[in-house]
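**Q** how would this look folded up:
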Amino acid sequence: MNVGIIGTGFVGSATAFALIMRGVARKIVLIDQNKAKAEAEAHDIAHATPFAYANKIKAGDYPDLKGCDVVIITAGANQKPGQTRTDLLGTNVKIFEGIVPQIAKYAPECIILVASNPVDVMTEVALKLSGFPTNRVLGSGTTLDTARFKTLLGYHLGISPKSIHANVLGEHGDSEVLVWSNADAGTVQLDALAKELGKPLTNKVKAQIDDDVRNAAYKIIEGKGATFYGIAGALTRICQAIGSNEYAILTVSSHHKEFCGICDTNDICLSFPTVIGKRGIHKIIFPHLNEDEKEKIRKSAKTIKENSETAAGFING
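**A** Reported below is the predicted structural model:
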C-alpha cells in the first residue's frame, strides 16, 4: 500500500520507520513545512530498507499524495509537560485547515488517519474539512491506550498481552474508560483467571493499572519530552489492517450518530471496537458494559462533545 504522512516530527518519523521495517507500506511520502527535515528523515529511513523490505520512501509535497491509500496526519502542536491534549485544540484546528483540504484535493479516494491531539476532536475536524464519508476518516483513538492496558495486565498476570482481550473506550484522554467487566484471556473472565493464577486483580491493583494507563503519556512526556514509539506501533497496526483488508477489530476513533442506548450524546468521534479493512471502517461494535462503565462512557462523550463544539467555532474563524 502507499502511505502519505503529514508531519515529520517524532511521531511521523517513527511511524514511517515502523511502516518500512514491518513491510506494511510499499511506498511512503513524507510532507512537512520543514522540507529539509522531511528529506533528512526520508534519506535516513531509506538507508534501513536493505535490512527490511525493498520499499521506497521520499519527501514530497501534497501533489505527491496522488494514489495514496492512507494519509496519516501527525502534524500539530506538541503536548508539553503539564498540558492536556485539549490545550492544543485551537492551534491544531488552524493547522488542519491548511492540511486537510490539500489531502482531499490530491488524494480524494484515500483513508485519512488522524494521530494529532486531541485526536477524537481532530478526527471530527478532519471529517468536516475533507467532506469524506465517515468510513474513510478515523483517528488512532484508544488503540494505544488499549495496548497499554493489555501490556500492564500481561505484566501482572505473567501472560502475553496478545492473549488478553481488554479494551479502553471513549476519549483518548483523561476521561477514557478501562473496561474491566468483559476483559478475558483464554475464554476465562480476567478476574477469575487472575485468582486461578494466584495474582488477583484487587481494587488496589486495578486502580494502579488504571492510573498507569490513563497517565502514561504525561509520565513519558515528563521523562523524555514526547511519546512516539507506542503511537507509531498503533498507526502501523491500523495501516496493516487496512492494507491487508483484515477485518481486524481495533479501538479506533470514528464518527457516531448514535450509541445503541449506551449514551445520548451524538455526532462525535470516539473509540469503540471497530472492524477495519480496505474501506476503512466496516462496522462498529457496541460492547456489553456494566452500568458504571456506561455512565463513564456518557461522561467521556459529553467531554468530547463540548470540545468538538469549541473546535467547530475555530474552523474558518
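
**Q** name the SS class of the closest residue to Glu171 other than its chain neighbours, please.
**A** In space, Glu171 comes closest to Ser300 once its chain neighbours are excluded; the distance is 4.6 Å by C-beta to C-beta, 6 or more residues apart in numbering. C-beta coordinates here come from the backbone N, C-alpha and C atoms, glycine included. Three-state assignment for Ser300 (DSSP: H, G, I helix; E, B strand; the rest coil): helix.

**Q** contacts only, for Ser300.
**A** Residues near Ser300 by C-beta atoms under 8 Å, 6 or more residues apart in numbering: 169-171, 175-177, 270.

**Q** check the offset of stretch 145-162 from the chain's centre.
**A** Its chain's C-alpha centre and that of stretch 145-162 lie 18 Å apart, by C-alpha atoms, centre = their mean, to the nearest Å.

**Q** got a pLDDT number for the residue nearest to the spatial centre of the chain?
**A** When the chain is reduced to its mean C-alpha position, the nearest residue by C-alpha atoms, centre = their mean turns out to be Ser140, at 1.4 Å. The model reports Ser140 with a pLDDT of 97.

**Q** tally of neighbours for the closest residue to it other than its chain neighbours?
**A** The shortest distance from Ser140 to any non-neighbouring residue, by C-beta to C-beta, 6+ apart, is to Ala115 (4.9 Å). For Ala115, the tally of surrounding residues (other C-beta atoms under 10 Å) stands at 30.

**Q** can you check Asn34 too?
**A** 12.

**Q** likewise for Gly7?
**A** Quick note: Gly7 (other C-beta under 10 Å) scores 25 neighbours.

**Q** how about the residue nearest to it when sequence neighbours are not counted, phi and psi?
**A** Of all residues not flanking Gly7 in the chain, Ala75 sits nearest, at 3.2 Å (C-beta to C-beta, 6+ apart). Dihedral pair for Ala75: phi -70, psi 150, per degrees, to the nearest 10.

**Q** make 8 the first number, not 1, from now on.
**A** All set: I'll call the first residue 8, so the last point we hit is now Ala82.

**Q** dump the residue contacts of Ala82.
**A** With C-beta under 8 Å, 6+ apart, Ala82 has these contacts: 13-14, 16, 19, 39, 102, 106, 123.

**Q** confirm that Val10 sits in a helix.
**A** No: under the criterion used here (three-state DSSP), Val10 is strand, not part of a helix.

**Q** what number of residues lie near Ile171?
**A** 21.

**Q** check contacts around Leu136.
**A** Counted by C-beta under 8 Å, 6+ apart, Leu136 has contacts 103-104, 107-108, 111, 322.

**Q** arrange the residues you listed in a markdown table, one row each, with secondary structure and distance to Tyr60 as further columns.
**A** Output for the contacts of Leu136, formatted as a markdown table (DSSP: H, G, I helix; E, B strand; the rest coil; distance: C-beta to C-beta, whole Å):
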| residue | secondary structure | distance to Tyr60 |
| --- | --- | --- |
| Phe103 | helix | 31 |
| Glu104 | helix | 36 |
| Val107 | helix | 30 |
| Pro108 | helix | 33 |
| Ala111 | helix | 30 |
| Ile322 | coil | 39 |
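
**Q** and those residues, which two are furthest apart?
**A** Ala111 and Ile322 (14.5 Å; C-beta to C-beta).

**Q** and the two? Which one has more around it.
**A** Ala111 (18 against 13).
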